[in-house]
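Asks: generate a structure from the sequence data that follows.
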Amino acid sequence: MTERLGRADLHIHTLASDGTAGVVEILDHVERTTQLDVIAITDHERIDAAVAGRAMALDRGLSFEVVVGEEVTTLGGHLLALWIDRPIRPFRSMRATIAEIHDRGGLAIPAHPLVPYPLCAQGFVLRRLLADEPRYRPDGLEAFNPTTLGRPWHGRVVRFTDEHGLARVGNSDAHALDAIGTGYTTFPGHDGEALRRAIAARTTNHHGSFHPTGAQLGTFREQLRKYGRDARANLGGRLRGDGARRDLGYPRDGGALQGDRAALLAERRVRDRDGAA
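Replies: Okay, the predicted model is just below:
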């Protein structure tokens with residue numbers, strides 16, 4: 001009997017950036033309703049929610065692994081930085097950003113590439129990187145992205161990925177709970193290390209289903225409500241001068257978002273356990 005391939009979704013957003021669900025909700029949803037073995041939390045320009053999510057998953061003994069990631073804005077488009085331990089500085093060339101990710105032991109995968117939009121890596125940028133030294137080359141491409149950005153250009157992205165011998169990665173680019181796992185990567189094995197080996201060996205494949213037309217409108221409405229709540233909370237905190245602010249949904253200052261205390265305690269226990277090992 002053939003062993004089931006592992007499944008990973010390496011592009012998920014939380015309340016910390018432009019997602020609409022908190023870390024606790026995401027972990028519970030993945031555990032209850034998906035067959036994912038690995039997920040990556042990849043908020044824009046920050047990793048605090050991802051670090052908390054990894055610690056909570058370990059502390060609770062969940063059935064899947066959480067990779068710390070970040071969706072980094074570069075001058076050449078959005079880039080997924082995976083298996084990192086510190087935020088990556090944004091707004092530089094994609095070449096310099098990939099080099100920093102590799103120097104820190106992470107993997108770099110351009111998100112929703114080849115879409116004619118400023119936040120997406122274009123073919124000429126990628127070809128130049130692929131002709132460069134290994135330090136500056138992407139480790140794969142997001143060959144499947146089920147969103148409005150990804151659907152019209154999917155065939156072109158798959159052809160480009162295969163023509164250049166890159167690992168195929170499928171992700172959901174989820175900004176809401178029900179989107180998680182709508183795009184995913186299969187790989188031999190079931191944990192993060194096996195996934196890394198598969199990306200390096202180019203033995204991954206992409207899968208998923210595109211969002212129906214108009215399906216993301218509900219997410220956009222919820223994002224707008226979230227931005228309004230965040231703005232009011234941040235303004236109120238500044239006016240009061242008490243440091244109580246929403247900070248894009250995931251307080252850096254130990255605020256009252258559900259699960260923060262558990263996340264901080266879990267992260268501390270993981271650090272203590274690693275230090276004692």
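Asks: okay, residue 183 and residue 175: tell me how far apart.
Replies: 13 Å (C-beta to C-beta, to the nearest Å). Just so you know, the C-beta spots here come from the backbone N, C-alpha and C atoms, and that holds for glycine as well.
Asks: ok, the two, which is more surrounded?
Replies: Counted by other C-beta atoms under 10 Å, residue 183 and residue 175 do not tie: residue 183 has more neighbours, with 28 against 22.
Asks: what number of residues lie near the closest residue to that one other than its chain neighbours?
Replies: In space, and not counting its chain neighbours, residue 183 is closest to residue 208: 3.5 Å by C-beta to C-beta, 6 or more residues apart in numbering. By other C-beta under 10 Å, the residues close to residue 208 number 19.
Asks: contacts only, for residue 208.
Replies: 144, 146, 170, 172, 182, 183, 184 (C-beta atoms under 8 Å, 6 or more residues apart in numbering).
Asks: so which strand or helix has the last one?
Replies: Just to be clear, that refers to residue 184. Assessed by DSSP states H and E, residue 184 sits inside strand 183-187.
Asks: please apply the same query to the second one.
Replies: If you go by DSSP H and E, residue 146 is not part of any helix or strand.
Asks: residue 180 is in contact with that one, correct?
Replies: No: in this structure, residue 146 is not within contact of residue 180 by C-beta atoms under 8 Å, at 10.9 Å.
Asks: can you work out which residues contact both of these two?
Replies: residue 172.
Asks: what pairs with the strand holding residue 184, parallel or antiparallel?
Replies: Applying DSSP bridges to the sheet, strand 183-187 is found paired with strand 6-12 (antiparallel), strand 205-208 (antiparallel).
Asks: so which bits of the first one are buried?
Replies: Buried residues in strand 6-12, counting neighbours by 16 or more other C-beta atoms under 10 Å, are found at 6, 7, 8, 9, 10, 11, 12.
Asks: reformat those residues as TSV; add pLDDT and distance to residue 53.
Replies: Listed next are the buried residues of strand 6-12 as TSV, based on pLDDT from 0 to 100; distance: C-beta to C-beta, whole Å:
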residue	pLDDT	distance to residue 53
6	98	19
7	98	18
8	98	15
9	98	13
10	98	13
11	98	14
12	98	9
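Asks: CSV please, covering these and showing distance to residue 136.
Replies: Converted to CSV, the buried residues of strand 6-12 look like this (distance: C-beta to C-beta, whole Å):
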residue, distance to residue 136
6, 28
7, 30
8, 24
9, 26
10, 21
11, 22
12, 26
